[in-house]
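Q: My questions concern the predicted model and sequence given below.
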Amino acid sequence: MTVYKRGSIYWIEFEIRGHRVRESARTTDRKTAQSYERKRKLEIDNDFHAKRMGRTLDKTFRQAWERWEELGQAGPPSSMASHVKFVRGPLDAVKLVDIPGAADQLARKWLTAGLSPLTVNRRLALVKRVLNLAYSRWEWLAEPLHMRIHSFSERGTERQVFLTQEEVGRLYEAMKHPGARDALLVAVFTGLRRGELLALTPEHVRNGTILLRANETKGKKARAVPVHPAIEEILRERLPIGIRSAALNAHWDQARTACGLKHVRWHDLRHSFASWLAANPSVPLTEIRDLLGHSSLAITNKYAHLRVNSASVRALPTIVPQSILVEKATDEYPVINQSLGMEARVGIEPAYTELQGNEEIVEVLDFMG
């Protein structure tokens, strides 16, 4: 493609079907000229097919998806595989030029059915990717139609389910299959995704560290996770984990139902691993990011609100007169250790499990030993 200026006006010049085309784009904006060039090439190509083959070049979503796969493109990541059938089913027969409107109607139908904005946005991301390829790489579209598909706000919809040590213990006891128990402990003590932990072999463990290669992780980044003492035996003697994914699903569903934790998902074990670390201010968020394999710190920051700086709380007695603290004490919430002021009150249960401070990460997680 060639777009160039003559004076203040952009011109286009290209070769197609053995013919050279050179004409004014009638615009002073480069992006508009590039869009015009794509449009002209598509028009000429359409004319060629209409005259020579008696048909127009009407590509469908299915044709675009199949070309995506045929050309050896990366395709959707494994984490999006569950969404493919819900996208292709309703859209396969739709012409690409009609996809934005069809996708918008479909998205609103999903929301009405109770799907979360996060789920809907993941499905729309697949649609946008196909349209983007059709426009930018294959020149099947004259306009960037993927720009007409808008995501829905996810503010306030994020799931934040963090298990306590007591809840993890109950789930462990409720799981009767040895392999399922092993998988549970590895998940909660490493933060590995289910696919990652089920693919573990003895070769992945070196010198007290789990080493994942870039092609084995969702983010395509190599990762190193220290081995906690609670799972040393599992990683030393029982790899690969002795259970398949389908069986693990069944035992997990049975255990969470028995524990009254039906709302908890397997992935929440990974969130719990992160939340326990984040609750200790001595563990940097950047280190948690690397352990989880997040692509950016912005993703890890969703755990930042769990961090508690106890030093700031201990500073209260230097600001609030001691006499006020004593006067405000009640029988229900008596002041503990008056020499330090209001350092703790009996009967107030912490929102998150207290972690040992100033210890190594492995020791921060050491609550089941």
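A: Yep, that arrived. Numbering: from 1, shown residues only.

Q: what sits against residue 138?
A: Going by C-beta atoms under 8 Å, 6 or more residues apart in numbering, residue 138 touches 64, 67. All C-beta spots, glycine's among them, are computed from the backbone N, C-alpha and C.

Q: wait, doesn't residue 142 sit right on residue 37?
A: No. Using C-beta atoms under 8 Å, residue 142 is not in contact with residue 37, being 9.1 Å away.

Q: Compare the two and say which is more crowded by neighbours.
A: More neighbours surround residue 37 than the other of residue 142 and residue 37, with 23 against 18 (other C-beta atoms under 10 Å).

Q: hmm, which helix or strand of the chain has the shakiest average pLDDT?
A: In the chain, no helix or strand scores lower on mean pLDDT, DSSP states H and E than helix 322-328, which sits at a mean of 46.

Q: looking at this, residue 100 is in a helix?
A: Yes. Counting by DSSP: H, G, I helix; E, B strand; the rest coil, residue 100 is part of a helix.

Q: how many neighbours does the residue nearest to it when sequence neighbours are not counted have?
A: Distance criterion C-beta to C-beta, 6 or more residues apart in numbering; nearest residue to residue 100, sequence neighbours excluded, is residue 148 at 4.1 Å. Counted with other C-beta under 10 Å, residues neighbouring residue 148 total 14.

Q: And for the one 5 residues further on?
A: Here the number of neighbours of residue 153 (other C-beta under 10 Å) works out to 9.

Q: domains for the protein, by residue range?
A: Per automatic domain parsing, the structural domains of the chain span 2-53, 75-148, 165-306.

Q: so how far is the longest one off the chain centroid?
A: On the basis of C-alpha atoms, centre = their mean, to the nearest Å, the separation between the geometric centre of domain 165-306 and that of its chain is 15 Å.

Q: For it, give the mean pLDDT please.
A: Here domain 165-306 scores 91 as its mean pLDDT.

Q: again, but for the second one
A: Along domain 75-148, the predicted local confidence has a mean pLDDT of 88.

Q: and it, how far from the chain's centre?
A: 18 Å.

Q: mind listing the helices in the stretch 1-150 of the chain by residue range?
A: All helices of the stretch 1-150 of the chain, identified by DSSP state H, counting those that start in this stretch, fall at 30-53, 61-70, 81-91, 99-112, 117-136.

Q: tell me which strands and helices the first one is in contact with?
A: The one in question is helix 30-53. Here helix 30-53 touches strand 2-6, strand 9-16, strand 19-24, going by 3 or more C-beta pairs under 8 Å, 6 or more residues apart in numbering; DSSP states H and E.

Q: tell me the most buried of these?
A: For those, the largest average neighbour count (mean count of other C-beta atoms under 10 Å) is found in strand 9-16, namely a mean of 16.

Q: how about the CA coordinates for the helix or strand residue 173 falls within, as PDB?
A: Take DSSP states H and E as the rule and residue 173 turns out to sit in helix 165-174. The C-alpha coordinates for helix 165-174 follow below in PDB (Å, rounded to 0.1, in the frame of the first residue of the first chain):
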ATOM      1  CA  GLN A 165      -7.100 -21.400  56.100                       C
ATOM      2  CA  GLU A 166     -10.100 -23.000  57.900                       C
ATOM      3  CA  GLU A 167     -12.000 -23.100  54.600                       C
ATOM      4  CA  VAL A 168      -9.100 -24.600  52.700                       C
ATOM      5  CA  GLY A 169      -8.800 -27.200  55.500                       C
ATOM      6  CA  ARG A 170     -12.500 -28.100  55.200                       C
ATOM      7  CA  LEU A 171     -12.200 -28.500  51.400                       C
ATOM      8  CA  TYR A 172      -9.200 -30.700  51.800                       C
ATOM      9  CA  GLU A 173     -11.000 -33.000  54.300                       C
ATOM     10  CA  ALA A 174     -14.000 -33.200  52.000                       C
END
